[in-house]
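K.L.:
Show me how the following folds:
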Amino acid sequence: MPEKYDVFLSYTAKDREWVRRLANALSEQGLNVWYDEIEIKPGDVWRDQTEKGLRASTYVVMVITPEAAHSNWQAAELGAALALQKPLIPIVAEDMPSKDIPGPIKLRKYLLKADPTVVADEIARGIASGYGVESKAVA
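P.N.:
As a prediction, this is how the structure comes out:
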């Protein structure tokens, strides 16, 4: 595992294929991405590896979908990102009911879940300009 990642990807299992495409597109943009399918090896304790990846990442990209509203694990990752004061980059599905978007995500301008290549380009441009670093995470 590299010592530092640009981006940590937080998502629910239903979005795995879309997130896989996002991870590839972000890597093609030259970003070092923590993505569980790559970083967690057979025999690893996934909770430990996830925590290490989150701590070693500069940004946390959260994919928020209706399934995320019911994910205790993604809620824990959001809480950890806030506690660690990581800049958050939310990606919200168009079918996500506004009432179900977590409060800390509602406070931020978010990207819409669309073509992963387009979203990755927007994330890479934002990171290059220092997106969110000055404000850190706000609960």
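K.L.:
okay, CA-based contacts and neighbour counts for the rest of this
P.N.:
Noted.
K.L.:
mind checking the SS state of the residue in the chain sticking out farthest from the centre?
P.N.:
In the chain, the greatest distance from the average C-alpha position (Cα atoms, centre = their mean) is reached by residue 43, at 23.8 Å. Under DSSP: H, G, I helix; E, B strand; the rest coil, the three-state class of residue 43 is coil.
K.L.:
That one and residue 50: what is the separation?
P.N.:
Note on residue 43: its distance to residue 50, by Cα to Cα, to the nearest Å, is 14 Å.
K.L.:
And residue 41, by the same measure?
P.N.:
On the measure of Cα to Cα, residue 41 and residue 50 end up 11 Å apart.
K.L.:
Pick out whichever of those two has more residues nearby.
P.N.:
Legend: neighbour count by other Cα atoms under 10 Å for residue 41 and residue 50, higher for residue 50 (20 against 11).
K.L.:
In which helix or strand does the more buried one reside?
P.N.:
If you go by DSSP states H and E, residue 50 is part of helix 46-55.
K.L.:
average pLDDT for stretch 41-55?
P.N.:
The average of the pLDDT scores along stretch 41-55 is 92.
K.L.:
And the contacts of it?
P.N.:
5, 8, 34, 36, 39, 40, 60, 81, 84 (Cα atoms under 8 Å, 6 or more residues apart in numbering).
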